[in-house]
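Build me a model from this:
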Amino acid sequence: MKFTIKTKLIAALCVPLLLIGVVFISSLINTQSSVLAVERSNVESKVTALLNDGLKGQVDTVTRSISDYYELSKLESIKKDLSVEMKTFKRTIEKIYESSDSKRAAEASIYAFINHHRWDNGRYFFAYNATSWISPAYGSDFSNIGLNGYDKKDADGKYFVRDVVEAAKNNSIGFSQYAFLNPTTQKIEDKITASFYFKPLDLVIATGEYLSTLKQNNIAAALHAISIAQYGKNGYFWIQDKDGKILAHPKAEIVGTKLASTTSIAAGIRNKPEAFVKIQYQNPTTKKTENKLVYARIIFPEWGWTIASGSYESDVFFIQEGLTKATNEIFEERTSLMIIVSLVLIVFSFIVAIWVISFTLKGIASQKELINAISHELRTPIARLRFGVEMMESSTSRTEQVRYVDGVQQDLDELDLLISELLTYGRFDQNAPELQMPEQAITPWLKAVLADLGAEVSVDLQSTFLVEQNAQGCFDPKYLQRAVSNLVQNAAKYGNGQVMVTLEHPDKHYLIHVDDNGPGIPDAERERVFEAFARLDSSRCRESGGYGLGLAIVKRILDSHHGSVSITTSPLGGSRFTLRW
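The predicted model follows:
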């Protein structure tokens with residue numbers, strides 16, 4: 001099988017392009033797979049780290065939110081709160097005293113108020129005379145009224161009334177502690193008393209509360225806050241003690257119990273401030289037992305608490321898959337786009353390669369046709385020269401020899417003209433010469449060109465100027481003169497003795513019309529006449545003249561001016577050639 005030169009050239013250019021494209025696309029797909037594998041690994045480690053940090057952050061947040069309860073359970077905070085309460089109560093006593101009509105009336109009102117007033121949580125008040133140690137009011141037990149408390153002792157044998165009175169007289173708000181039986185727990189517990197001295201009645205007024213009760217209120221509030229705290233879809237917290245006993249949990253039914261998971265956490269955090277522990281627990285979303293990564297931290301040492309929260313592996317996997325999927329989609333989209341672009345570029349390269357090859361081969365064919373045409377054009381004058389020389393050699397008549405010499409000279413002039421036309425055409429056909437196009441007056445220039453042509457052609461050459469005398473235009477006077485001359489000579493040659501040249505400037509372009517009254521050019525031939533060596537008259541006799549290069553040169557001159565030349569029917573009946581630039 002034989003292949004044409006065009007097929008071989010296309011194969012030589014396109015096959016390497018195709019191989020490069022295939023290698024590039026394969027490399028791109030392999031790169032995508034490698035990058036996604038690394039990205040999946042990175043995402044897994046990053047998601048795990050982020051979730052761990054997230055668990056720590058959530059525990060930090062909830063711990064800070066309940067830290068106030070812990071601080072309030074401390075003795076100093078309890079004293080501060082009791083001090084505020086007692087100051088308020090003291091101001092009330094002072095107002096009762098000031099509003100009473102007499103001291104006796106004030107005593108009756110104040111004692112009645114102490115006996116019956118209860119603080120928010122039911123805490124009662126009592127009073128002792130600072131001198132006689134006798135109680136005139138006792139809110140919890142009226143049987144103590146009128147009794148001397150000087151020798152009263154607490155469970156530890158301390159004279160607690162003496163301590164209360166002494167603390168009140170020496171401080172604006174005095175504090176003292178003593179041990180008593182807590183009727184709620186039926187245990188001997190520490191009770192803290194706050195007291196103040198009311199001098200107008202020589203009276204010490206006091207109130208007290210068991211420390212366990214005050215602390216338990218804060219502990220209960222903190223545990224409740226933990227049990228209802230949530231974050232995200234499945235995020236929650238729980239509190240357990242050092243042995244794994246659950247103190248607070250969203251599932252109230254397991255509070256107070258020990259689970260295998262909480263025991264594992266207690267073992268994992270023993271002797272550590274914090275720890276990550278993996279346990280098995282039921283996922284409320286999937287209803288399946290799954291691995292759960294728990295972050296546990298010891299908080300509030302006085303309470304002995306461990307706070308914990310965790311995330312299920314399925315949640316980690318879900319987040320990881322979401323991120324990886326998003327990355328994969330982005331990568332696939334970009335990879336697909338790059339593959340499409342690559343394929344388009346490959347196809348475009350094929351088209352360009354085929355076009356370049358076709359254009360090059362067309363140029364080679366054109367050059368071949370040009371060479372053939374030149375050879376054909378040269379053959380006629382050379383044949384006439386040979387004939388003239390042979391005739392001169394055989395002729396004996398001086399008159400005939402002179403006639404043959406004249407013929408040879410005309411043939412040499414014809415050859416010189418042909419070579420000149422070929423050189424001009426060749427300059428424009430290969431590399432257009434650099435034109436000199438200054439802005440200049442066009443009317444005087446065209447009038448001078450037509451004046452020279454009027455002396456060369458034997459026709460009625462007329463002109464019309466439809467522009468101002470000083471109209472300016474940008475053009476190369478040398479080459480545009482050549483174009484006008486070729487058209488006028490062509491009109492004179494094929495017309496019937498009348499040629500009209502018109503200059504106008506209807507818009508931003510200049511137009512030069514060359515009209516003749518000849519036979520005109522058929523519509524089908526109006527494009528072909530601008531090709532090199534194209535002639536409607538197939539004869540090559542000396543009378544018809546020309547080599548079919550004149551109009552081809554005109555077209556290339558106008559192309560160099562970024563203009564055009566066209567053919568229409570002339571108002572004179574023949575052809576109208578229009579230069580536009």
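
Only C-alpha atoms from now on, for both contacts and neighbour counts.
OK.

Name the helix or strand for Q440, please.
Secondary structure assignment for Q440, by DSSP states H and E: strand 439-441.

Where do the domain boundaries of this structure fall?
75-215, 433-580 (automatic domain parsing).

Now do the first one, average pLDDT.
It refers to domain 75-215. Over the span of domain 75-215, the pLDDT mean works out to 92.

mind checking how far that domain is from the chain centre?
72 Å (CA atoms, centre = their mean, to the nearest Å).

which strands and helices sit next to the strand holding Q440?
Secondary-structure packing of strand 439-441 (3 or more CA pairs under 8 Å, 6 or more residues apart in numbering; DSSP states H and E): strand 472-474.

tell me the helices in this protein, going along the chain?
5-72, 75-99, 103-116, 160-170, 211-228, 260-269, 313-394, 398-430, 442-456, 477-494, 550-560 (DSSP state H).

And those: which comes nearest I298?
Counting by CA to CA, I298 lies closest to helix 260-269 out of those; the figure is 8.1 Å.

how about that closest one as CSV, C-alpha atoms only?
In CSV, the C-alpha atoms belonging to helix 260-269 read as follows (Å, rounded to 0.1, in the frame of the first residue of the first chain):
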residue,chain,number,x,y,z
ALA,A,260,-18.2,-1.9,81.9
SER,A,261,-17.5,1.2,79.8
THR,A,262,-17.3,3.6,82.8
THR,A,263,-15.1,1.1,84.7
SER,A,264,-12.7,1.0,81.7
ILE,A,265,-12.6,4.8,81.7
ALA,A,266,-11.9,4.9,85.4
ALA,A,267,-9.0,2.4,84.9
GLY,A,268,-7.7,4.4,81.9
ILE,A,269,-7.6,7.7,83.7
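
got the domains of the chain as TSV, with distance to Y236 columns?
Formatted as TSV, the domains of the chain follow (distance: least, CA to CA, whole Å):
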stretch	distance to Y236
domain 75-215	25
domain 433-580	79
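
Just put those domains in JSON lines and tack on distance to T306 and mean neighbour count.
What follows is these, written out as JSON lines (distance: least, CA to CA, whole Å; neighbours: other CA atoms under 10 Å):
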{"stretch": "domain 75-215", "distance to T306": "18", "mean neighbour count": "17"}
{"stretch": "domain 433-580", "distance to T306": "88", "mean neighbour count": "17"}
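
Out of those domains, flag the one nearest E400.
Once CA to CA is applied to the domains of the chain, the stretch that comes out nearest is domain 433-580, at 19.6 Å.

measure N129 to I93 for me?
Distance of N129 to I93, given as CA to CA, to the nearest Å: 15 Å.

closest one to A225 among the domains of the chain?
A225 sits nearest to domain 75-215 of all these, at 15.5 Å, using CA to CA.

returning to that earlier point: give me the contact list for the strand holding Q440.
With CA atoms under 8 Å, 6 or more residues apart in numbering as the test, strand 439-441 has contacts from 469-475.

That one: how far from the chain's middle?
Averaging C-alpha positions (CA atoms, centre = their mean) puts strand 439-441 54 Å from its chain's average.

Strand partners (parallel or antiparallel) of it?
Neighbouring strands of strand 439-441 in its sheet, by DSSP bridges, are strand 472-474 (antiparallel).

contacting residues for G497?
458-460, 516-517.

Out of the residues you listed, the closest to V347 would be?
Proximity of these to V347 (CA to CA) peaks at D516, which lies at 50.3 Å.

can you pull the contacts of the closest one?
Contacts of D516 by CA under 8 Å, 6+ apart are 491-492, 495-500, 570, 572-576.

List just the nearest of those residues to T63.
R576 (98.5 Å).

Please report the distance of the closest one from I521.
Distance from R576 to I521, by CA to CA: 9 Å.

if we can go back for a sec, and the contacts of G497 as CSV, adding distance to A222 and pLDDT?
CSV is the format used below for those (distance: CA to CA, whole Å; pLDDT from 0 to 100):
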residue, distance to A222, pLDDT
S458, 121, 87
V459, 119, 90
D460, 119, 91
D516, 111, 95
N517, 114, 94
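
Dump the residues you listed to TSV, plus distance to T88.
Shown next, in TSV, are the contacts of G497 (distance: CA to CA, whole Å):
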residue	distance to T88
S458	133
V459	131
D460	130
D516	124
N517	127
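
Specify which member of these is nearest to K191.
Nearest member of the contacts of G497 to K191, counting by CA to CA, is D516, at 132.2 Å.

From V459, how far out is that closest one?
Distance from D516 to V459, by CA to CA: 10 Å.

who touches both of those two?
Shared contacts of D516 and V459, defined by CA under 8 Å, 6+ apart, are found at 492, 497-499.

Among the residues you listed, name the ones in strands.
Using DSSP state E, the subset of these located in strands is 498-499.

Let me know the closest of the shared contacts of D516 and V459 to G208.
If you rank the shared contacts of D516 and V459 by distance to G208 using CA to CA, V499 comes first, at 132.6 Å.

Go ahead and confirm that closest one touches V488.
Yes. If you go by CA atoms under 8 Å, V499 and V488 touch, sitting 7.3 Å apart.

Can you get me the start-to-end distance on stretch 571-581?
Start-to-end span of stretch 571-581 (CA to CA) is 22 Å.

Ignore what I typed, I meant stretch 225-238.
For stretch 225-238, the first-to-last residue distance is 10 Å (CA to CA).

Please apply the same query to stretch 117-132.
End-to-end distance (CA to CA), stretch 117-132: 24 Å.

again, but for stretch 523-534
One end of stretch 523-534 sits 15 Å from the other (CA to CA).

go on, stretch 453-460?
First-to-last distance for stretch 453-460 - CA to CA - comes to 11 Å.

cool, and stretch 448-464?
End-to-end distance for stretch 448-464, by CA to CA: 14 Å.

what bridges to S463?
Judged by DSSP bridges, the bridge partners of S463 are V501.

which residues sit in contact with it?
S463 makes contacts with 500-502, as judged by CA under 8 Å, 6+ apart.

Kindly report the same for L223.
By CA under 8 Å, 6+ apart, the residues touching L223 are 239, 247-248.

circling back: and of the contacts of G497, the nearest to I173?
The nearest member of these to I173, counting by CA to CA, is D516 at 129.5 Å.

do you know how far the closest one is from R482?
Taking CA to CA, one finds D516 at 18 Å from R482.

ditto for D523
25 Å.

So what touches stretch 500-509?
Residues from elsewhere that reach stretch 500-509, judged by CA under 8 Å, 6+ apart: 461-467, 510-516, 580-581.

outside of stretch 72-89, which residues touch it?
71, 173, 175, 194-196, 214-216, 218-219.

Mind doing that once more with 7 Å?
71, 173, 194, 214-215, 218 (CA atoms under 7 Å, 6 or more residues apart in numbering).

do the same with stretch 21-29
With CA under 7 Å, 6+ apart as the criterion, stretch 21-29 contacts 339, 342, 346.

Kindly recompute the last result at 8 Å.
Contacts of stretch 21-29 with the rest of the structure, by CA under 8 Å, 6+ apart, involve 335, 339, 342-343, 346.

how about that stretch: buried residues?
21-22, 25, 28-29 (16 or more other CA atoms under 10 Å).

Perfect, that will be all.
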